[in-house]
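Peer 1: coords below, sequence missing:
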């Protein structure tokens, strides 16, 4: 957790020396619609609604291409008739962005590294790290306000003894203050 925060702070400090036209810093938040893909002994898993929020930094080195890094708290999991599976992560997506309409509409994709911040009280021992692939789009409503939608598909299992991966749809509203 400390390494994630330190890495994000170093990224912000290094990028802040760049021109305001190529570097932006802001915040974002919104709902998560999450579920677990896979099977647990025939238990029916239902999606659950959570939330996410945190910091976002965008570096736009050339033309319509940008790199966006985020540090988010993300409440994920699934519901079942037996147990509710709650997973709270610090998620760090690092996305390549391409503006298909310059400075307005962008497509984004890349890996997401998530670190479990609390142990789920479940029938199985959860892993503390989750790797996922994320993809989505963002629309800049004004120079500062933006909205985004993203799908994140887990690549690693959430626990050793079950074949489950995270699956999350995120809808965000954000504000760039730099």
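Peer 2: Happy to help now that I have it. Not measured: the values here are computed from a predicted model. Residues are numbered from 1 along each chain as shown.
Peer 1: quick one, strands of the protein?
Peer 2: Ranges of strands in the chain, per DSSP state E, are 23-39, 48-62, 65-79, 84-101, 105-116, 129-140, 145-154, 163-176.
Peer 1: any weak-confidence spans in the protein?
Peer 2: The chain contains residues with pLDDT under 70 at 1-21, 119-124.
Peer 1: at 90 what do you get?
Peer 2: 1-21, 37-45, 62, 79-86, 118-127, 159-164, 178 (pLDDT under 90).
Peer 1: how about the nearest residue to residue 76, chain neighbours excluded?
Peer 2: Nearest in space to residue 76, with sequence neighbours left out and distances taken as C-beta to C-beta, 6 or more residues apart in numbering, is residue 34 at 4.1 Å. The C-beta positions use only the backbone N, C-alpha and C, and glycine is treated the same way.
Peer 1: my read: residue 176 touches residue 60, true?
Peer 2: No - using C-beta atoms under 8 Å, residue 176 makes no contact with residue 60, being 11.4 Å away.
Peer 1: what residues are shared contacts of those two?
Peer 2: Shared contacts of residue 176 and residue 60 (C-beta atoms under 8 Å, 6 or more residues apart in numbering): residue 24.
Peer 1: the residue nearest to residue 76 pairs with what?
Peer 2: Listed by DSSP bridges, the beta-bridge partners for residue 34 are residue 48, residue 168.
Peer 1: what's the distance between it and residue 109?
Peer 2: To residue 109, residue 34 is 19 Å away according to C-beta to C-beta, to the nearest Å.
Peer 1: who has more neighbours, those two?
Peer 2: Neighbours were counted for residue 34 and for residue 109 using other C-beta atoms under 10 Å; residue 34 has more, 25 against 15.
Peer 1: who's in contact with residue 165?
Peer 2: By C-beta under 8 Å, 6+ apart, the residues touching residue 165 are 36-38, 153-158.
Peer 1: ok, which pair from the residues you listed is furthest apart?
Peer 2: The span of these, defined through C-beta to C-beta, is set by 36 and 155 at 13.6 Å.
Peer 1: those two: who's more crowded?
Peer 2: Set residue 36 next to residue 155 and count neighbours by other C-beta under 10 Å: residue 36 wins out with 26 against 13.
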